[in-house]
Every structure is written in structure tokens, then in C-alpha cells.
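A.B. asks: sequence unknown, structure follows:
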């Protein structure tokens, strides 16, 4: 291998068409156009339409751009929670979202749920919002469609928020089961970091209006209402990351042309190869034993010895995998995103199989 | 002219080295590296050092990255104002900053000051923060160094915030006269939009700590304290716009190599050419008559007829200038940024001189 391949769980390997789209953006002066121009409005419209096609969104759902998923967490707290929320936490990112509620002096609750499916058999006080994750990037835990539907039925007085950062668009779920969901573009979309995509429905808008009517603070340029008002005009409140919106639109167009089903089938196939490699390796074990909740996009392995040895050995061959999140020195994380070809995953797995560490 | 040249006041023409730096970023896999990696930390460190050299910042000032100047306004409100602020408003952007304070239920004051230097002879109640603009992008009004120093003396119980969005680094001011200032990269730095740079001193940190101790909300991942904690480790709280940080670092390095004084001299020279062109044209007048406060980077002209005719005529020759901000249909705005060569400004002015409209 001459060139490095990044199997890191985000930022990751660029989607294979990104470089060409960047060149096209430069050629078309996309980086110099005004964000108030008709060219930008067309670009914005096209991007929104492409997302709606890819995710099969119906007209009840709207799309806004933020700068990151971290920003979406904060905007959800400012706009969609008045008093309290329940956060089902199965890793560092869902925990971080919960921690943000404390910064906003909210009286939210954390329900931990590691290495097992969500258990919704808890005390429910009609909290404003329930926070779930489709795919926890730090631990490699996914949620099943059934669990998300169950949450919708159980917590029927609350808004349901689903973190899809490293899940969309390749881990399908029933969109109508949630009121808001979000992702960032540097994971499954294989794009440069610096853009978050926030999807919300009318119930979210209604909640936000109620907050405003009560005199509560919902933020300024990126309040849900301001974002909504502007995106209905195919604009953004501030000068946005125009390049990111252009690239997202184009990569989604490529994905739509390929067909999401085909991409999902490839993800399934590649995850099986990675899982088998882990199962056959004498010094690596699955971190998530329960197959039902084992992520297909971020596969986490526990290593008998410090994983750095394995990571370094792969790096010598220009294969870059992720280390464990935080202080998990005996873990590896392998991203299985749409940009990772079957061939590249097979090659990675061949190398892993041969390495004793 | 075969290729378009953008003299719009942001986003604008890319700095002439940007395309090469983007290619370099792709080649070096900058868009795939982890924001927690040592490569990113080095990149962050280098960018901060380059900014400090360019702006001659001493060790009392720190630098954080946001996604836009709009975000900086919001973060200033959350972190550096407890009760009230005074906003000297001389255009739509300084007005927008003031409007954000209302979203945060603050009891701030607006002092309008169009087409004349700031008048600080006002009632002063030791407000938490005084907001000034170095250069108002909507109206083309600059502030003199003397006025900023005067504000420091007069409002000595307040933090002084200076909006440098379309002024830095080519409109110099005495940094020690302000406690915080900020700019976005798509103006004078000629970069793709999607990054704000927020500079603050210890007094700002102290103010923020006081807010926290009083139990006031200062935000979450982008509170000043969190930004500061992370940037002291050459990191960012969230996955940032890594490409933008890489490009900013490289373009500032190019500017430092050229020498800021030389760049400023060129800005002066080019502004004189644009001013003369306006003065000699029978159908264009200066919007800002007072030379003392007329911007050198965003030059606004009043047109006798609807400016669209002039703008369209120039566009036919691939010269793109800005229209008036908002509903000002009888205005043009011409950006004079470091990337605009003397030759390109001369050519633009030649065309303008020849157009009757």
C-alpha cells in the first residue's frame, strides 16, 4: 500500500468522489459566491432535496445545517427542553450530550445501558425529551429499529431525539419513530469535518414556539425558529460552510445514484468480514458480545495486549485504524463506512489476521 | 477577462495561494486525520502561532476557533455579559449583534452612530461590555485607532469587544485597547467560509468564571472556559473544520512571509484608486463622506440609478462586485482585500469609469 487508508471512526477516509467535487467547487467559484446569492439558494435547495431522497424523508421533516453534532446537542437543549430530559447513555458521546444539560442548569436524568439493549422499564414523568443513539461511536453499540419504535410508544408525551452521527444513512430506522435526529458529515458520508445536519419535525417547532411564548431563551442566530425561517428560504442565518454543503449535496447525489440499498448491503457484507477476523484472531475479542446491538459501522475489538502494538503494525502498512475511545488502551475501533471498499476491508482484515502482538 | 474575479465583501476572491494549499491538504490526508491526533495538535499550534505573529499578540491574549462571527456574538453574550452591554451601531451587523442580546433577555443599549465617528459622550453605568466595530461590512464605516483608545479610557469598568470581521489584519489598531476581538476568514483572509476566530484576554476569562460562580449559564462545548481549556492543549471541544484551520495557518504564513506592512500599503494604494474612481464618476458618490471613517477594505458607493445596471455590466466582464446590503438598491460595495491585486483593482476601476448607467 502506497497511500494511507483511514479506517478511523471519523474523520475518516474521504468518500472516493470528494476530491473531484472539491476541484469542481474551485472551478465553479463555489467558495467565492455570496451566501445570499441565487446560486447559493439553488445549491442549498439541491442539497436538501438530495438528503430527503436519500433518507426518504416525508414533508413532516425539515433540515437545518449546524457546524457539528456537538452544536446540535446544544441547540436541542436550548430549543427542545424546558425542564428535563432522559438520556439513555451507552458511551462517551451520549454521556457528553447529557453533561451539556447540566451546563444549561436542567434537571435531566441519565440511564446507563452498556452492553445490553435499552431497557425502557423506568420511571417516566413525561419529560420534554428522550435522547437515544442509533449508533454510539465510542463503544460501537447500535440500537435496533424495534427498540426505537418501543421508545416512541412508551414515551409518548415526549419528543424523541436520535443521535445518528455514525449511523446515517447506512443503519436504517423508521424516521416516524423520532421527532428529531442528526448526524455529522465526517463519518458515513466521508466528508471533511465542519458540518452537522439537524432534522426536526413540526412537533419540535411547536415546542420551540411554546418556549419562546414562555419567555425562555432558545438562542439567537441558530435557534430552531431562526434556522427554520432561513432554511425555508434556502438560506442560512450566518455565512455557512458553503464548501461542506456543496460537497454533501454532491456525495449524496453519488450515493443516490448508486442506491442506498446496495450501499447498506456492502456495509453488511464488510461487517461480517471484520467480525470473522476478530473472532478468528487469538488476541482480539468482540467488545460488544450481543450481536443484536453490535454496530456495523464502528466495530470495537478488545485486545489481549495494549492495542497500540497492533495499530502501529498496521500503520507501517499505511492502514490506519482507530484506537479505543478515551483511555481504553486495550481496544481498537474499525470504521466500516460507505467509502471503504470491500477490497480495502479484505486487505485490512488479511493484515490483522497475520499480526501477532 | 476569462475567469471571474470576486470583489464582493465576503465570501470573496480566494487568497491566491488557497487552491495550492487545498491540494496540499488532500495530498497530506489532512481531511482524514483525527482531531485528537498529534498531527492535528501540531497543526493547531502552528495556526495559533502564525496568528499571534501576524497580529503581534502578546501573551495576554488567547485564540479560540468558532464556526462564524455570528457564533462569536452569541458566545460573547453568553460568556461576557451578565446584565447589560452598550452597542455602538453603525450598520446592519453591529445592529444584529445588539439584536442577539434581546434573544438572551439582556437589558442592553443601542447607540446609533451613522456617518459620523463614535460619540462616547453618553450615560455610562459600568455596563459589562461595550461593543464596537473596527469595520462595518454593511455600510463601509471604519473606526479610528484614537476612537478605540478613547473607548478604553471612557469605559474603564467594562470589557471592550471589537468586531474586526472585515478589518483584520489590514486595518491596524492597538490590541491592548480591547479585551476581545474577532473576525471571520472569508473576508480579508480570502478563505472559504466556515470559521470564526475569537481572541480574548484574561479579563474575559475572569468575567466568565464569575458568571459560572454565580450559577449563570455560559453555554456548553463552546463556553469560553471550555474553548480555553481545550485550546491550551491545542485541541478543540468538537471535531472542528480542520480544513479551514489548515488553510488559515498556511495563508497567514504566506502573509507573514510577504510582510503585513507591505499588504497594508497595498490596501491603502488600492483604496485610493477606488475612491478616485468613485469621485470621478458622474453617477456614483461616496456613501461615507467623512474620510476619517471611510473603510479602506469595503468601499461603499451610492449610485444615482439602481446599482443593478452597473453590477450586471461588470458581471458581463466577469468582474463581480457587491450590491448594497439589505434593501439598498442604490448602492455598490467593493471589497479591497489582500488577495485583490493592484492590477485587478485597476482593471475593475477602468471598467467602472467607462460604464454609464
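C.D. replies: It's in. Please read these numbers as outputs of a predicted model, since none were measured by experiment. Numbers count the residues shown, from 1 in each chain, chains lettered A, B, ... in the order given.

A.B. asks: Whether the helix or strand hosting residue A:226 contacts chain B - can you check?
C.D. replies: Secondary structure from DSSP states H and E places residue A:226 in helix A:224-231. No - applying Cβ under 8 Å from any Cβ of the partner chain, one finds helix A:224-231 out of contact with chain B, separated by at least 8.6 Å. C-betas here are computed from N, CA, C, even on glycine.

A.B. asks: Who are the packing partners of that helix?
C.D. replies: strand A:61-66, helix A:69-80, strand A:196-201, helix A:202-213 (3 or more Cβ pairs under 8 Å, 6 or more residues apart in numbering or on different chains; DSSP states H and E).

A.B. asks: Contacts only, for the closest residue to residue A:251 other than its chain neighbours.
C.D. replies: Closest residue to residue A:251 apart from its sequence neighbours, by Cβ to Cβ, 6 or more residues apart in numbering or on different chains: residue A:15 at 4.9 Å. Contacts were defined as Cβ atoms under 8 Å, 6 or more residues apart in numbering or on different chains; by that measure residue A:15 touches A:189-191, A:251, A:254, A:338-339.

A.B. asks: mind listing which of those are in helices?
C.D. replies: Judged by DSSP state H, the contacts of residue A:15 include A:251, A:254 as members of helices.

A.B. asks: any chance of the contacts of residue A:15 in JSON lines, plus neighbour count and distance to residue A:331?
C.D. replies: Listed next are the contacts of residue A:15 as JSON lines, based on neighbours: other Cβ atoms under 10 Å in any protein chain shown; distance: Cβ to Cβ, whole Å:
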{"residue": "A:189", "neighbour count": "29", "distance to residue A:331": "25"}
{"residue": "A:190", "neighbour count": "27", "distance to residue A:331": "23"}
{"residue": "A:191", "neighbour count": "27", "distance to residue A:331": "26"}
{"residue": "A:251", "neighbour count": "24", "distance to residue A:331": "29"}
{"residue": "A:254", "neighbour count": "17", "distance to residue A:331": "32"}
{"residue": "A:338", "neighbour count": "26", "distance to residue A:331": "24"}
{"residue": "A:339", "neighbour count": "23", "distance to residue A:331": "23"}
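
A.B. asks: Is residue A:130 part of a helix or strand, or is it coil?
C.D. replies: On the three-state scheme (DSSP: H, G, I helix; E, B strand; the rest coil), residue A:130 is labelled strand.

A.B. asks: From residue A:150, how far out is it?
C.D. replies: When distance is defined by Cβ to Cβ, to the nearest Å, residue A:130 is 11 Å away from residue A:150.

A.B. asks: Of these two, give the one with the bigger neighbour count.
C.D. replies: Neighbours per residue, other Cβ atoms under 10 Å in any protein chain shown: of residue A:130 and residue A:150, the larger number sits with residue A:130, 24 against 16.

A.B. asks: Which pLDDT does the model give the more buried one?
C.D. replies: pLDDT recorded at residue A:130 is 98.

A.B. asks: Tell me how far it lies from residue B:235.
C.D. replies: Distance from residue A:130 to residue B:235, by Cβ to Cβ: 31 Å.

A.B. asks: Not counting its neighbours along the chain, what's nearest residue A:109?
C.D. replies: Counting by Cβ to Cβ, 6+ apart, the residue nearest residue A:109 is residue A:86, at 4.9 Å.

A.B. asks: can you count the residues close to residue A:317?
C.D. replies: Counted with other Cβ under 10 Å, residue A:317 comes out at 14.

A.B. asks: again with residue A:91
C.D. replies: 22.

A.B. asks: I'd assumed residue A:142 was in contact with it.
C.D. replies: No - assessed by Cβ atoms under 8 Å, residue A:91 is found out of contact with residue A:142, at 11.0 Å.

A.B. asks: Quick one: low-confidence residue ranges for chain A.
C.D. replies: Chain A contains residues with pLDDT under 70 at A:1.

A.B. asks: on that earlier part again, now do the shared contacts for residue A:91 and residue A:142.
C.D. replies: Going by Cβ under 8 Å, 6+ apart, residues that sit against residue A:91 and also against residue A:142 are residue A:136.
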